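*Asks:* Give the three-dimensional model of this entry:
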Amino acid sequence: MEQNIHLTINDEESSVIVRSAETLLTTLRDKLGLTGAKPGCENGDCGACTILVNDWPMKSCLMLTCESANQKITTIEGLKNAPIQKAFLEHWGFQCGYCTSGFIMNCHALSLIHPDANDYIIENWLQSNICRCTGYEEIKEAIKSVLNHNNPYIS
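*Replies:* Sure, this is the predicted structure:
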């Protein structure tokens, strides 16, 4: 069964016809041409498809497109010079780049929701994304560089 869904993605209105079981990842990539969210495991383990839904990180492979109606969706294409993007470049928080957009979206949400995050919170949030190419130290340094530096719990 197909239905017409109205979406708000990156502050733009879109209308798409989707199957009831279609994931948001599929809709973003195949119908809207937003390919920054990457298919990886497609079962919620790797985080390569992370987007923001109402400023909270969500794995788009786990969300049905029909569930995303009336939600504010942000993809990596919707971030315009966010501090975390620059921080990833400055701290070499990437290697092959496949997982990078998911990490950036997750870290951007972390900076919005927990601007004073300590090491424990950072570690917890980073567990939702997997990188096969690099250690996570550069990514941790990138996120720490955009968080509030007045927090005594950030080392």
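*Asks:* use CA for all of it now, contacts and neighbours both
*Replies:* OK.
*Asks:* For residue 56, which residues count as its bridge partners?
*Replies:* residue 53 (DSSP bridges).
*Asks:* What confidence value was assigned to it?
*Replies:* You'll see residue 56 listed with a pLDDT of 97.
*Asks:* hang on, it packs against residue 109?
*Replies:* Yes: counting by C-alpha atoms under 8 Å, residue 109 is a contact partner of residue 56 at 5.9 Å.
*Asks:* Compare those two (neighbour count), which wins?
*Replies:* residue 109 (22 against 18; other C-alpha atoms under 10 Å).
*Asks:* wait, what's in contact with residue 91?
*Replies:* 138-139, 141-142 (C-alpha atoms under 8 Å, 6 or more residues apart in numbering).
*Asks:* Switch those residues over to CSV; also include pLDDT.
*Replies:* Formatted as CSV, the contacts of residue 91 follow (pLDDT from 0 to 100):
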residue, pLDDT
138, 92
139, 92
141, 93
142, 94
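*Asks:* pLDDT on stretch 114-122, on average?
*Replies:* pLDDT averaged over stretch 114-122 gives 95.
*Asks:* now the helices for the chain?
*Replies:* Using DSSP state H, the helices of the chain run over 24-26, 83-90, 100-113, 119-126, 137-146.
*Asks:* TSV for those, including distance to residue 13?
*Replies:* Putting the helices of the chain into TSV (distance: least, C-alpha to C-alpha, whole Å) gives the following:
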stretch	distance to residue 13
helix 24-26	15
helix 83-90	25
helix 100-113	20
helix 119-126	30
helix 137-146	30
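*Asks:* right, so of these, which gets closest to residue 63?
*Replies:* Nearest of these to residue 63, taken as C-alpha to C-alpha: helix 24-26 at 5.7 Å.
*Asks:* who touches the closest one?
*Replies:* So helix 24-26 is contacted by 37-39, 49, 60-65, 68 (C-alpha under 8 Å, 6+ apart).
*Asks:* how far away is the most centrally placed residue in the chain from residue 75?
*Replies:* Residue closest to the average C-alpha location in the chain (C-alpha atoms, centre = their mean): residue 105, at 2.9 Å. From residue 105 across to residue 75, the span is 7 Å (C-alpha to C-alpha, to the nearest Å).
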